[in-house]
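A.B. asks: Build me a model:
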Amino acid sequence: MKNNKKNAVASKSGAEKAEAPMKRISTIGITPLGDRVLLKLTDASESEKSNKFGIIIPETVSKEKPEQGKVVAVGDGRRDESGKRIPLSVKVGDTVVFSKYNYDEVKHAGEEYIMVKEENILAIVK
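C.D. replies: Numbers count the residues shown, from 1 in each chain. Modelled structure (predicted):
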């Protein structure tokens, strides 16, 4: 009977260790919380001023495209109804397309970043 209690305690502490959040170290000094992602903007509109037929696309049209950014830091994920952590689909270094209306601007150490929730990331660019 004593062995069963010890095993139950040992397995419980092992499960608690598995649920403990992993330490995330951000190289820029900002660590997003939950399912938030920190992005550094990449200016795709400047690199695509004309299409393959040589037609120049006005800047006003190119501004209407969804924004792109490089993932600089990620949170540890959101929690479901039972409290289990769901990891993010993106990782540091990914280039992503995100909704241009659902983000927050963040300035830190003279640099400008964008903070978005994972649900506002539309795609990963390969």
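A.B. asks: secondary structure element for residue 106?
C.D. replies: Applying DSSP states H and E as the criterion places residue 106 in strand 104-108.
A.B. asks: Show me what that strand is packed against.
C.D. replies: If you count contacts as 3 or more Cβ pairs under 8 Å, 6 or more residues apart in numbering; DSSP states H and E, strand 104-108 packs onto strand 111-117. Any C-beta I mention is one placed from the backbone N, CA and C, and that applies to glycine too.
A.B. asks: Give me the sheet partners of the strand it packs on and which way each runs.
C.D. replies: Sheet neighbours of strand 111-117, with direction, are listed as strand 36-42 (antiparallel), strand 104-108 (antiparallel) (DSSP bridges).
A.B. asks: Name the stretch among those that sits most buried.
C.D. replies: When those are scored by mean count of other Cβ atoms under 10 Å, the highest mean neighbour count falls to strand 36-42 (a mean of 20).
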